[in-house]
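J.: Pasted the sequence and its predicted model underneath.
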Amino acid sequence: MRLGVIADDFTGATDIASFLVQNGLTTIQFNGIPASEEMTKAQAIVISLKSRSCPADQAVAQSLAALAWLQKQGCERFYFKYCSTFDSTAQGNIGPVTDALLNALGEAQTVICPALPVNGRTVYQGYLFVGDQLLSDSGMRHHPVTPMQDSNLMRLMTSQATGKAGLIAAAQIDQGAESVRQALDQLAEQGINYVVTDTLHQGHLLTLGEALSDRRLVTGGSGLAIGLARQWATAETDAEAEKAGRPHGDRAVVLSGSCSQMTNRQVAAYRQLAPACEIEIEHCLEDAEGYARQLCDWVEANSHQTLAPLLYATADAQQLQVIQQRYGAQRSSEAVEQLFAAVTRELKGRGWQRFIVAGGETSGVVAQSLGVTAFHIGPTISPGVPWVRDIHQPLSLALKSGNFGDEDFFRRAQTEFTYV
Ligand SMILES: Nc1ncnc2c1ncn2[C@@H]1O[C@H](COP(=O)(O)OP(=O)(O)OP(=O)(O)O)[C@@H](O)[C@H]1O
Ligand SMILES: O=C(O)[C@@H](O)C(=O)CO
């Protein structure tokens, strides 16, 4: 059995890949749809797209192209991975992409399972929670691109897709996998296309994995991958899964371009332990290349300590507001991204091999600047954040979604692993 995953963003793809590996499947991740028919022996292939907030027709076209490529690789089961906070608008892209994938596979029904209890995302009576708050009461209410102002997954799904939505509630999942299968069949008889699955804890994900292991298409966050991977893993694959992705290389740097609350805490904690340098927006706007060289000189001069130096643009909400008012939101974020791109290229040229990065967009920029197109997934640093290792070059990366990881993440990424 080979699984093909279509993920709608970069760190989201790494997130699910990490759970697949941790639960025993050998996994490889491609950045975009590979141009060639590159064959791989991995049990799971994850393709990361940038389809979360582009126009819906583009997201559909990209996802169908990814599906076709995965089918050519012999994948028989498919997983559409979106965000555990269901990031989308009334136009999509979760609904239109789900419809297109169902249609292409000749299927009428799939599940909607964004839950990831280990990171506080649970679903009860079809309502999505972030920690102890409804999604629509959480910070996601004010997301700049995909503000989430409803928490009811059935309503969210039907507002952006063409079919009908229903629910399998927690009490039914408590009855076991056979009971879930029966509920799916009953809902199919009623013409329900999108089955929202309650999930309060990991036990529910394990039951769902058992009930859904023969489904051609599932959709969700990364949590369901735990249950599914455990169905397909063998003792042999479990022993092999993380090996190819183990971190290596001897020069490390931490690059933080996320302004999330968690990243702010991580930067504050790490600044107490290691050399740290704040990136100044004004200098990025004036001369990104020259400024990048200066920052790399600083990194080089501060690289002889146990912990790697940190370059950060991370700002709290108040600081960010001041910056955005002064320089414009788009202009300042583009300037920061260009700076990280220039720093990454320069450090790679100077022999840096290990990059620890915070922020989804920032991770995309760094991976692109390094020319990373495919990587093996290694051991997990925090739930959903693994070390990954480039297939073609001697580079290791830790790519962290803004809100993931604990306060001590940057230190642990370095001290808790052996570099081979
Ligand atoms: N000080 C700053 N001023 C203006 N823009 C900034 C600043 N620091 C970071 N940015 C920009 O903010 C954006 C942060 O996005 P990114 O996806 O990297 O982090 P995130 O949104 O926290 O992570 P995720 O998408 O994984 O939740 C980037 O475009 C980055 O360049
Ligand atoms: O599912 C999540 O929360 C993450 O993998 C993600 O997609 C963040 O952008």
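T.: That came through, no problem. Since this is a predicted model, take the numbers as computed values, not measurements. Ligands and ions are numbered 1, 2, ... in the order given.
J.: can we go C-alpha only for contacts and neighbour counts from here?
T.: Noted.
J.: How about the residue of the stretch 151-300 of the chain found nearest ligand 1, nearest residue that isn't a chain neighbour?
T.: The nearest approach of the stretch 151-300 of the chain to ligand 1 comes at Ser258, 3.6 Å away (CA to the nearest ligand atom). Nearest residue to Ser258, sequence neighbours excluded (CA to CA, 6 or more residues apart in numbering): Gly359, at 4.4 Å.
J.: ditto for Gly191
T.: Lys164 (7.0 Å).
J.: Also Gly405?
T.: Closest to Gly405 by CA to CA, 6+ apart is Ser382, at 5.2 Å.
J.: how much space between that neighbour and ligand 2?
T.: 12 Å (CA to the nearest ligand atom, to the nearest Å).
J.: Could you report the pLDDT at that residue?
T.: For Ser382, the pLDDT comes out at 95.
J.: Then the one 3 residues further on?
T.: On pLDDT, Val385 comes in at 95.
J.: ok, how many other residues are close to the closest residue to ligand 2 within the stretch 151-300 of the chain?
T.: Ranked by CA to the nearest ligand atom, the top residue of the stretch 151-300 of the chain for proximity to ligand 2 is Gly221, at 4.8 Å. Gly221 has 25 neighbours, counted by other CA atoms under 10 Å.
J.: Going by length in residues, pull out the top strand of the chain.
T.: The residue-count maximum for a strand in the chain (DSSP state E) belongs to strand 374-382.
J.: Walk me through which strands whatever helix or strand comes next after it pairs with, and which way each runs.
T.: The C-terminal neighbour of strand 374-382 among helices and strands, as given by DSSP states H and E, is strand 385-390. Paired with strand 385-390 in the same sheet, following DSSP bridges, are strand 374-382 (antiparallel), strand 396-400 (antiparallel).
J.: Deepest in the core, which of those strands is it.
T.: strand 396-400 (a mean of 28; mean count of other CA atoms under 10 Å).
J.: Which strands and helices lie in contact with the helix or strand following that one?
T.: Using DSSP H and E, the next helix or strand after strand 396-400 towards the C-terminus is helix 409-415. If contacts are counted by 3 or more CA pairs under 8 Å, 6 or more residues apart in numbering; DSSP states H and E, helix 409-415 sits against helix 261-271, strand 374-382.
J.: Tabulate the ones you listed (a markdown table), appending distance to Leu128.
T.: Converted to a markdown table, the helices and strands packed on helix 409-415 look like this (distance: least, CA to CA, whole Å):
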| stretch | distance to Leu128 |
| --- | --- |
| helix 261-271 | 20 |
| strand 374-382 | 22 |
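J.: just so I know, which of those lies nearest Ala315?
T.: Among these, helix 261-271 comes nearest to Ala315, with 6.8 Å by CA to CA.
J.: so that closest one versus strand 396-400, what angle?
T.: Interaxial angle of helix 261-271 relative to strand 396-400 (axes from the mean of the first three to the mean of the last three CA atoms, to 10 degrees): 130 degrees.
J.: Who are the packing partners of helix 261-271?
T.: Contact partners of helix 261-271 among helices and strands, from 3+ CA pairs under 8 Å, 6+ apart: helix 409-415.
J.: for the helix it packs on, which positions count as buried?
T.: For helix 409-415, a neighbour-count test (16 or more other CA atoms under 10 Å) marks 409-411, 413-414 as buried.
J.: Stretch 147-165 now?
T.: For stretch 147-165, by 16+ other CA under 10 Å, it's 148-149, 151-154, 156-161, 163-165.
J.: And for stretch 165-178?
T.: Neighbour-count burial for stretch 165-178, counted by 16+ other CA under 10 Å, picks out 165-170, 172-173, 176-177.
J.: Kindly report the same for stretch 16-36.
T.: In stretch 16-36, counting by 16+ other CA under 10 Å, buried: 16-33.
J.: Spell out which parts of the stretch 151-300 of the chain neighbour ligand 2.
T.: Residues of the stretch 151-300 of the chain lying near ligand 2 by CA under 6 Å from any ligand atom: 221-222.
J.: same deal with the stretch 1-150 of the chain?
T.: So the stretch 1-150 of the chain meets ligand 2 at 11-12, 15, 82-85 (CA under 6 Å from any ligand atom).
J.: Please narrow these to those residing in helices.
T.: 11-12, 15 (DSSP state H).
J.: Would you mind listing which of those residues are buried?
T.: 11-12, 15.
J.: of those, closest to Thr344?
T.: Using CA to CA, those come closest to Thr344 at Thr11, 17.7 Å.
J.: isn't that closest one right up against Gly402?
T.: No - using CA atoms under 8 Å, Thr11 makes no contact with Gly402, being 9.1 Å away.
J.: Next, the contact list for the closest residue to ligand 1 within the stretch 1-150 of the chain, please.
T.: Closest to ligand 1 within the stretch 1-150 of the chain is Thr11: 6.1 Å, counting by CA to the nearest ligand atom. Residues near Thr11 by CA atoms under 8 Å, 6 or more residues apart in numbering: 360, 363-364, 399-401.
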